[in-house]
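Undergrad: Pasting the sequence and the predicted coordinates here, then a few questions.
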Amino acid sequence: MKVLVLVSLSVLSLAACGASKIPETSDVKALLESKIQGCKNIKIANAKKTNGYPHSTLADVHVVEYSYTLALKNPSEYKSLAGTYEKEKNTLQSFNSSIDDILTRSSAALAEKRNQEFAQLQSEGREIEKRKNEFMRQAKVVGNVSFKISQYYLEGCAESIEDVAPVSGFHGRQTLNVGLRPDSTDGWFDINDIGMTGKAMMRKTDNGWRAY
């Protein structure tokens, strides 16, 4: 199921280009694209100027409102993460089941004073925990779905992504703010395109429109 997530954002630090009398859609598109340079998995799509008007008090300033979409370059690759998650989830469940079994058998052995068996089970349990922890360190998705999905979207992006994408947190540890709880696993895999809106005050210069 394809989901279009709508988010509103005010973009304050954008640089415009072009020499038209007022900022146009082409200016908006150029501005937004400059902010996602380096991003490996997302692109700007459907950029459109939706409104524009002179500033009420600043004679040389124009207010521009616009909409755009943060779209995935390769949706099928993104969807493959859901398959990876299912495989990793099954592996994690297997580890947890083995650990639960060890705990049950250990309790029985301890209660019946089967000390040698208890010691052996404890050793086996520590080894399973060790392998589980190593698995979790290498897992691509399971364990922190919201962060890892967010990192897929934001891979390669510079700090300027904060101007055009709904993110929170420090650069490199950012999470998408798209109205989903961190533990809403199914919802995170339903994200596809993120619909955005923005607004900027712009002033015309010899080099085109610039953020005021």
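TA: Structure's in. What do you need? Numbering: from 1, shown residues only.
Undergrad: what kind of secondary structure is the residue sitting nearest the centre point of the chain in?
TA: Centroid-nearest residue in the chain, with C-alpha atoms, centre = their mean: Ser150, separated by 1.8 Å. Here Ser150 is recorded as helix under DSSP: H, G, I helix; E, B strand; the rest coil.
Undergrad: for it, what are its contacts?
TA: Residues near Ser150 by C-beta atoms under 8 Å, 6 or more residues apart in numbering: Val167, Gln174, Thr175, Leu176. Every C-beta, even on glycine, is put in place using the N, C-alpha and C of the backbone.
Undergrad: likewise Ser160?
TA: Residues counted as contacts of Ser160 (C-beta under 8 Å, 6+ apart) are Ser13, Ser34, Lys35, Ile36, Gln37.
Undergrad: related to what we said a few turns ago, per-residue confidence at the residue nearest to the centre of the chain?
TA: Ser150 is assigned 90 on the pLDDT scale.
Undergrad: Show me what counts as buried in stretch 28-35.
TA: Using 16 or more other C-beta atoms under 10 Å as the test for burial, stretch 28-35 gives Val28, Lys29, Ala30, Leu31, Leu32, Ser34, Lys35.
Undergrad: send the alpha carbons of that stretch over as CSV?
TA: Coordinates of each C-alpha in stretch 28-35 appear next as CSV, following Å, rounded to 0.1, in the frame of the first residue of the first chain:
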residue,chain,number,x,y,z
VAL,A,28,11.5,26.6,-5.9
LYS,A,29,12.7,23.3,-7.5
ALA,A,30,16.3,24.5,-7.7
LEU,A,31,16.2,25.7,-4.1
LEU,A,32,14.9,22.4,-2.8
GLU,A,33,17.2,20.3,-4.9
SER,A,34,20.2,22.2,-3.5
LYS,A,35,19.2,21.1,-0.1
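Undergrad: Buried residues, the lengthiest helix in the chain. List them.
TA: Counting residues, the longest helix found in the chain (DSSP state H) is helix 75-111. Across helix 75-111, burial judged by 16+ other C-beta under 10 Å covers Tyr78, Leu81, Tyr85, Glu88, Lys89, Leu92, Phe95, Ser98, Ile102, Arg105, Ser106, Ala109.
Undergrad: For the chain, give me the ranges with low pLDDT.
TA: Low-confidence segments of the chain (pLDDT under 70): 1-19, 183-184, 186.
Undergrad: hey, where'd the strands end up in it?
TA: Along the chain, counting by DSSP state E, strands occupy 3-8, 42-54, 61-72, 167-168, 175-176, 191-205, 208-211.
Undergrad: other SSEs contacting the last one?
TA: It refers to strand 208-211. strand 191-205 (3 or more C-beta pairs under 8 Å, 6 or more residues apart in numbering; DSSP states H and E).
Undergrad: now the strand it packs on: how far from the chain's centre is it?
TA: 18 Å (C-alpha atoms, centre = their mean, to the nearest Å).
Undergrad: Any buried residues in it, and which?
TA: Ile191, Asn192, Asp193, Ile194, Gly195, Met196, Gly198, Ala200, Met202, Arg203, Lys204.
Undergrad: Just checking: what are the partner strands of it?
TA: Sheet pairing of strand 191-205 (DSSP bridges) gives strand 3-8 (parallel), strand 61-72 (antiparallel), strand 208-211 (antiparallel).
Undergrad: can the buried residues of helix 75-111 go into a markdown table with extra columns for distance to Glu124?
TA: Output for these, formatted as a markdown table (distance: C-beta to C-beta, whole Å):
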| residue | distance to Glu124 |
| --- | --- |
| Tyr78 | 39 |
| Leu81 | 33 |
| Tyr85 | 28 |
| Glu88 | 23 |
| Lys89 | 23 |
| Leu92 | 18 |
| Phe95 | 13 |
| Ser98 | 9 |
| Ile102 | 6 |
| Arg105 | 9 |
| Ser106 | 9 |
| Ala109 | 12 |
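Undergrad: Before I go, just wanted to say thanks for your time.
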